[in-house]
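In: how would this look folded up:
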Amino acid sequence: MSGALSLSLLGSYKTAVFVPSLVLDLDAANYSAVPVNGSTIAGTGAYPITVLNPTPRISWSSDNSGVFRVTTASSTNFMTFGPDFSTSTQAYTVGMAYKWNGVTAGRLLNANTASPDFLMGLWGSGTARMNIAFAGTFIGSSSDVADTAWHFIWFTCTGTVSATRSKSYIATSTAPTGTYGTGSGNGGFDGLRLFGRFVNSTTSSEEVDADIGFVKVWNGELTLAQIQAEYATYQARFGY
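Out: Prediction:
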């Protein structure tokens with residue numbers, strides 16, 4: 001596991017503190033068009049990105065310094081990318097800026113496999129829901145009705161068994177001041193898929209229309225202060 005170690009002085013003892021590294025940064029601000037299928041992500045992390053867009057339904061817009069956009073949901077238009085963080089001992093943080101486009105209720109950021117089942121952001125349960133964090137169980141509310149404003153969400157996992165192993169944080173116009181939900185569950189994910197739930201390599205179910213500003217993955221649990229710093233970096237870009 002890569003990452004940075006910093007030393008903090010406590011009395012006469014030095015304590016090593018692991019600082020998570022950003023291992024994936026899929027940011028639409030780094031693009032001027034939809035990514036080329038099979039290309040390396042134009043940001044941190046040398047992960048290839050699969051882009052299936054035959055219709056096409058996924059577009060790029062210069063809004064908010066760059067977003068990936070779906071306005072008409074489709075089961076055959078989606079992106080896949082990212083690391084295998086499916087082990088129960090893997091600590092991680094996933095952060096995302098997203099906006100529902102108000103038409104089709106479905107799943108936004110998902111695992112790129114049938115199992116483990118991982119979900120963030122939007123979910124269709126008859127009514128479109130937002131602020132969703134799911135990794136084997138919901139971490140926080142699963143009943144917030146979706147609106148069409150920009151939202152930030154972060155999902156963290158410690159990688160160790162505890163009642164607060166997983167945490168979610170959400171924000172719109174103000175930075176998070178604490179967790180939105182905590183729980184002991186962690187299914188993790190083996191790769192990620194945007195704009196639908198995994199069925200197979202060419203098809204999704206529960207497709208959704210939405211804008212994505214970025215998806216970021218760290219190889220450890222960010223603290224609340226670090227998440228607040230992330231919010232401060234990006235809030236103006238998304239109108240806050």
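
In: can you pull out the helices in the chain?
Out: Along the chain, counting by DSSP state H, helices occupy 224-234.

In: Please pull out the lowest mean pLDDT helix or strand from it.
Out: For the chain, counting by mean pLDDT, DSSP states H and E, strand 4-10 ranks last in confidence among helices and strands (a mean of 51).

In: Quick check: beta-bridge partners of the closest residue to residue 230 other than its chain neighbours?
Out: Nearest residue to residue 230 in three dimensions, chain neighbours excluded: residue 95, at 6.1 Å (C-beta to C-beta, 6 or more residues apart in numbering). To be clear about C-beta, it is placed using only N, CA and C from the backbone, and glycine gets the same treatment. Per DSSP bridges, the residues bridged to residue 95 are residue 154, residue 216.

In: Next, count neighbours for residue 95.
Out: By other C-beta atoms under 10 Å, 23 other residues sit near residue 95.

In: Show the contacting residues for it.
Out: Each residue near residue 95 by C-beta atoms under 8 Å, 6 or more residues apart in numbering is listed here: 152-155, 214-218, 222, 227, 230.

In: Using TSV, please lay out the residues you listed together with neighbour count and pLDDT.
Out: Shown next, in TSV, are those (neighbours: other C-beta atoms under 10 Å; pLDDT from 0 to 100):
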residue	neighbour count	pLDDT
152	24	98
153	25	98
154	27	98
155	30	98
214	23	98
215	27	98
216	22	98
217	26	98
218	24	98
222	24	98
227	21	98
230	23	98
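
In: and the end-to-end length of stretch 199-214?
Out: Its first and final residues considered, stretch 199-214 spans 24 Å by C-alpha to C-alpha, to the nearest Å.

In: where in this structure is pLDDT low?
Out: 1-17 (pLDDT under 70).

In: hmm, try it at 90
Out: In the predicted model, the chain carries pLDDT under 90 at residues 1-19, 43-45, 87-88, 125-126, 136, 185-187.
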